[in-house]
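Enquirer: any chance you can model this:
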Amino acid sequence: MPPPSIGRTVLKNQFQKDIDTKKVGDGVVTPSEAAELTTGWNKPMTQAQADQLKSTVQGNISAFQPAAAKIARNFINHVVPRLIMTTPPGIPANSAKLSWDAPTTNTNGQPLTDLAGYKVMYGTDPNNLTQSMRITDPRATSLQIDNLTSGTWYFAMKSVNTAGQESAPTPNVSKVVP
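Expert: Sure thing, here's the model as predicted:
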């Protein structure tokens, strides 16, 4: 099931409140406070929520000490969902159009230099995505899956490096097919 929606204003205001409560006497967010702050926000969210959070983090980065700013920037790279469900005009009702931003960092924060492609998983049970397909072009940023049967379909993806190692899956996105 997709995460519940949180309004953009609520998200922005909550993150700003969290930043304000983390500031110490000098008005700056320390590395330990940044780590605690980002851990609290490491949760599934919609693309709109992630975009707003990213914007808010970037707009407040001056409140972070240099080491804390690095934690916040790594957090932005990791927490933003990579998989997006779109419904462009003309797409058949029984098709799903997925798009994503190519990852730029490994989970350890180091630059990603060996991306080989992606694995897209999908199915009608959000906890058991039984179908999958490989995308071997690391430059790919979208995929359309056609001929889905009636019901709610769930999708997630993993990035795959040249050694065949897979990342953790993205949060599920879903589409109801009539």
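Enquirer: helix, strand or coil for the residue sitting furthest away from the middle of the chain?
Expert: In the chain, counting by CA atoms, centre = their mean, residue 25 sits farthest out from the average C-alpha position, at 33.2 Å. Under DSSP: H, G, I helix; E, B strand; the rest coil, residue 25 falls in the coil class.
Enquirer: contact partners for it?
Expert: Residue 25 is in contact with no residue at all, counting by CB atoms under 8 Å, 6 or more residues apart in numbering. In short, each C-beta sits where N, CA and C put it, glycine included.
Enquirer: how far away is it from residue 97?
Expert: Going from residue 25 to residue 97 by CB to CB, to the nearest Å gives 50 Å.
Enquirer: next: residue 41.
Expert: Distance from residue 41 to residue 97, by CB to CB: 28 Å.
Enquirer: repeat for residue 164
Expert: Counting by CB to CB, the gap from residue 164 to residue 97 is 27 Å.
Enquirer: wait, residue 178 sits on residue 150?
Expert: Yes. Residue 178 lies in contact with residue 150 (CB atoms under 8 Å); the separation is 6.3 Å.
Enquirer: which of those two has more residues huddled nearby?
Expert: Between residue 178 and residue 150, counted using other CB atoms under 10 Å, the more crowded position is residue 150 (11 against 6).
Enquirer: verify the stated contact: residue 23 with residue 29.
Expert: Yes. Under the criterion of CB under 8 Å, residue 23 makes contact with residue 29 at 5.9 Å.
Enquirer: shared neighbours, these two?
Expert: residue 63.
Enquirer: out of those two, which sits in the busier spot?
Expert: Comparing residue 23 with residue 29 by other CB under 10 Å, the one with more neighbours is residue 29, at 26 against 14.
Enquirer: what is that one paired to in the beta sheet?
Expert: residue 64 (DSSP bridges).
Enquirer: list the contacts of it.
Expert: Applying CB under 8 Å, 6+ apart, the residues near residue 29 are 19, 22, 23, 37, 63, 64, 65, 68, 72.
Enquirer: which residues touch the first one?
Expert: If I follow you right, that is residue 19. 29, 37, 60, 63.
Enquirer: equivalent analysis for residue 150, please.
Expert: The contact partners of residue 150, taken as CB under 8 Å, 6+ apart, are 94, 177, 178.
Enquirer: give me the number of residues near the first one?
Expert: Read it as residue 94. 15.
Enquirer: helix or strand for it, just tell me which one.
Expert: Secondary structure from DSSP states H and E places residue 94 outside every helix and strand.
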